[in-house]
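> What would the 3D arrangement of this be:
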Amino acid sequence: RASAIGNFAAFYGGDYGGSFHGVNITSGMLTDEIESARGGTEHLDSRAQNEAVQPLSTTWAFVGQSTTQTIRGIKALKEFALESTAGEKATKATQVGHLYALQGFAYIILGENYCSGIPVANADDLDPKTDVLTTAQLFARAQAYLDTAGTTLGSTAADQPFRNLVAVGKGRVLTNLARYDDAATAVASVPTNFVFNVSYSGTSV
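Have a look, this model is predicted:
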């Protein structure tokens with residue numbers, strides 16, 4: 001679970017020493033939203049991208065690390081997390097639901113930032129498989145993960161931030177599909193001051 005959360009953070013916006021970039025940093029540099037002042041990255045600001053060098057190659061590596069570790073984190077929690085008491089069951093539901101929500105957002109971000117038709121592995125060591133997903137399929141898979149998160153999460157105070165996250169994710173999927181009225185309905189119960197932070201270590205990211 002810890003690895004899944006950490007790898008999602010790296011995928012989302014990590015910046016290891018200015019060399020290994022998460023998808024939001026890379027997309028920002030590709031689109032003139034931000035620029036790099038580090039020596040050796042002049043090709044980024046000139047938009048002369050080489051897919052064989054950083055950050056594009058490492059950004060894609062973060063994609064696989066995040067989606068793979070989240071699948072494995074969910075499997076590990078389902079198999080090994082304690083649930084002999086009501087409190088343990090509630091904690092397990094919160095933690096598993098959290099990871100499903102993060103996986104939903106990973107697929108949303110993939111659909112928003114990559115061209116249609118990207119390979120995504122199932123992280124199954126016994127039956128490995130890679131699907132090539134269109135943008136529509138990425139959003140559909142995001143919706144499925146968010147739906148599963150919603151049915152997995154409990155109703156405790158600890159679950160509420162993740163329930164809000166699921167609602168925002170569904171709204172974002174619907175917005176991407178140009179279903180704006182449905183998107184507004186999906187987020188209607190979310191407080192307007194809701195924020196979900198991704199945390200980083202000051203010594204490593």
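
> and the next element down the chain from the lowest-mean-pLDDT helix or strand in the chain?
When each helix and strand of the chain is scored by mean pLDDT, DSSP states H and E, helix 42-45 comes last, with a mean of 62. Using DSSP states H and E, the helix or strand that follows helix 42-45 in sequence is helix 56-80.

> helices and strands around that next one, which ones?
helix 2-13, strand 20-21, helix 23-30, helix 86-113, strand 118-121 (3 or more Cβ pairs under 8 Å, 6 or more residues apart in numbering; DSSP states H and E). Every C-beta, even on glycine, is put in place using the N, C-alpha and C of the backbone.

> what's the offset of that helix from the middle of its chain?
Computed by Cα atoms, centre = their mean, to the nearest Å, the chain-centroid distance of helix 56-80 equals 10 Å.

> tell me the angle of it relative to helix 23-30?
160 degrees (axes from the mean of the first three to the mean of the last three Cα atoms, to 10 degrees).

> tell me which residues in helix 56-80 are buried?
Buried positions in helix 56-80, judged by neighbour count with 16 or more other Cβ atoms under 10 Å: 56, 58-60, 62-63, 65-74, 76-77.

> What are the contacting residues of it?
By Cβ atoms under 8 Å, 6 or more residues apart in numbering, the list of residues contacting helix 56-80 from outside reads 1, 3-5, 7-8, 10-12, 14, 19-23, 26, 49-51, 92, 95-96, 99-100, 102-103, 106-107, 110, 120-123.

> same thing with stretch 174-194?
Contacts of stretch 174-194 (Cβ under 8 Å, 6+ apart): I108, G111, E112, F139, P161, N164, A167, V168, K170, G171, R172.

> hang on, the earlier thing: mind giving me the PyMOL select for the contacts of helix 56-80, buried ones only?
Selection of buried members from the contacts of helix 56-80 for PyMOL, criterion 16+ other Cβ under 10 Å:
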select buried, resi 1+4+5+7+8+10+11+12+14+20+21+22+23+26+92+95+96+99+100+102+103+106+107+110+120+123
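
> about what we covered before: show the buried residues in the contacts of stretch 174-194.
For the contacts of stretch 174-194, a burial check counting by 16+ other Cβ under 10 Å picks out I108, G111, F139, P161, N164, A167, V168, K170, G171, R172.
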